[in-house]
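Peer 1: Give me coordinates for this.
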Amino acid sequence: MFRRKWSGLPADPQFPSDLTELGYFVNKDDEVRAIENPDNYFKFFLSRNPRWNERQRFGMNQALQKIIWERLENLGLKKELVPLGTTDPSKPHVPIFVSKDIAAKTRVVVIFGETTQDLGALAHRVIGGPGGINKGSMVSIVSELLKQRSSPSDPSPPGVILANMGELIWWPGGNRTLSRSAFNATPMKSAVHIGSTYTKENQVPGNETFMRHVNYIFEEVIPHFVNESAGIDVVGVGDGADTVERYLDLFPVWETWKKRINCLALVGGLHPIWELKNEDFGNQFLRNKARAYATSQEPAGTVLSGPDGNPKTSTFTQIGCPVFSSGEPYYTELTLIAGRDVVLGWLQEVAMTPEGKEYANPEFDVAFADPVADAGASNYWGQEPDEDAGEKKGDGEGKAENGAEETGDAGSGKVDGKEPGLVVVEHSPESQ
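Peer 2: I've put the predicted structure just below:
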């Protein structure tokens, strides 16, 4: 009888959380490249064993997050721990970023990212690939916001709060929270253990779920840091936008916040209007003070639909507010990156509404419709249509019709007016 000892199991691979030690550097274009070959980006498929690849990506993402956080702090943001009042870093907490001078701001922009992204990240395919760290992270968004005015009478830039929708799982081994994918890539006893198990010990009080984190931001963070007279601009990305929408649709919540929220930008959100219960929020606020930015092949800023939707496009437009193209055709995580200028430009437009007047979306004359393929146009592969195809098809159909007339009813199963017989085929043992 054989047995395998625990000591005989393959060790879990270890990778440093340092860019240089991983073999990469940041070039002059702010892109991550390999030290051995500067023409190469980050190489995820290091091994045929997926555990090795995930562990390397864990170290890489941790290293890149350090760079992103440092740049956000250089832009005037400060890392805060929630629950508020947390002083012991070994106790469960969730980090967020808040402008250092937010208490003096008359306008604050609160951003809720996707629930799959690390704090500060928008898309790792851009951070670690073409585009670079700033472009693929909140650094580019915060940098643009710092160029804006808070209002016609306040030339100072708005304050910023970056919620942490993705990293809500407490990892005791690292004294920090992680995203679901990162939590699965934390060190294990061996490379073949089943993985990390989520228990109550991995929960952060008041921030156990996405919805509860949104609630904590509105009920605890904003009242604690932001002036009571300051207006709030809300930006949601992907499922983060859907979560914020469901939260604001709650009747007591909307009664509390409807007078303070200036506008709502739903970037890549897909929450249908018919699931909203609050008439004041769904049919009044969304229609007048919200805009959605969807994945689309149209240029960024193209009006795809009004508040009532557009049946002439396959893009989902039943959101309850005007829908615009983000300029990104495929990936939700790239919508805020591609549509950054359009989205943030609209926030500035709302902020510059003359004092004493209330902003409302204009009436949009929507003429957009999905393009219809021309029968005479080339197909997706650039091939010209077969000119004889129609004639050949017609000839074939004519013969079938003539044959049906001669032999009997087409579709009846009869041949020359007779029922078909049953043919039984037997195979002899020799033939088998």
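Peer 1: And for Asp370, the neighbour number?
Peer 2: 14 (other C-beta atoms under 10 Å). Glycine gets a C-beta too; all of them are placed from N, C-alpha and C.
Peer 1: Need the per-residue pLDDT for Pro10.
Peer 2: You'll see Pro10 listed with a pLDDT of 85.
Peer 1: and it, what does it touch?
Peer 2: Neighbour list for Pro10: Ser190, Ala191, Val192 [criterion: C-beta atoms under 8 Å, 6 or more residues apart in numbering].
Peer 1: could these go into a markdown table alongside pLDDT, neighbour count and secondary structure?
Peer 2: Shown next, in a markdown table, are the contacts of Pro10 (pLDDT from 0 to 100; neighbours: other C-beta atoms under 10 Å; DSSP: H, G, I helix; E, B strand; the rest coil):
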| residue | pLDDT | neighbour count | secondary structure |
| --- | --- | --- | --- |
| Ser190 | 87 | 13 | coil |
| Ala191 | 87 | 14 | coil |
| Val192 | 85 | 10 | coil |
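Peer 1: What is the nearest of the residues you listed to Arg125?
Peer 2: Arg125 lies nearest to Ala191 out of the contacts of Pro10, by C-beta to C-beta, at 26.5 Å.
Peer 1: can you tell me how far the closest one sits from Tyr331?
Peer 2: Counting by C-beta to C-beta, to the nearest Å, the separation of Ala191 from Tyr331 is 31 Å.
Peer 1: Buried residues, stretch 10-23. List them.
Peer 2: By 16 or more other C-beta atoms under 10 Å, the buried positions in stretch 10-23 come out as Asp12, Pro13, Phe15, Ser17, Leu19, Leu22, Gly23.
Peer 1: To clarify, my last question referred to stretch 87-97.
Peer 2: Neighbour count says stretch 87-97 has Pro92, His93, Val94, Pro95, Ile96, Phe97 buried, by 16+ other C-beta under 10 Å.
Peer 1: In TSV: the residues you listed, plus pLDDT, secondary structure and distance to Lys79.
Peer 2: Output for the buried residues of stretch 87-97, formatted as TSV (pLDDT from 0 to 100; DSSP: H, G, I helix; E, B strand; the rest coil; distance: C-beta to C-beta, whole Å):
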residue	pLDDT	secondary structure	distance to Lys79
Pro92	96	coil	16
His93	97	coil	11
Val94	97	strand	11
Pro95	97	strand	5
Ile96	97	strand	7
Phe97	98	strand	6
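Peer 1: can you list the residues you listed in JSON lines and add distance to Arg4?
Peer 2: Formatted as JSON lines, these follow (distance: C-beta to C-beta, whole Å):
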{"residue": "Pro92", "distance to Arg4": "36"}
{"residue": "His93", "distance to Arg4": "39"}
{"residue": "Val94", "distance to Arg4": "40"}
{"residue": "Pro95", "distance to Arg4": "41"}
{"residue": "Ile96", "distance to Arg4": "45"}
{"residue": "Phe97", "distance to Arg4": "47"}
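Peer 1: Buried residues of whichever strand or helix holds Ile68, list them for me.
Peer 2: Using DSSP states H and E, Ile68 sits in helix 50-74. For helix 50-74, the neighbour count (16+ other C-beta under 10 Å) marks 51-65, 67-69, 71-72 as buried.
Peer 1: low-scoring stretches of the protein, by residue?
Peer 2: Residue ranges of the chain with pLDDT under 70: 1, 373-432.
Peer 1: what ranges do the helices span in it?
Peer 2: For the chain, helices defined by DSSP state H occupy the ranges 50-74, 124-127, 138-145, 180-184, 210-216, 222-225, 239-248, 251-257, 279, 286-289, 335-338, 340-351, 389-407.
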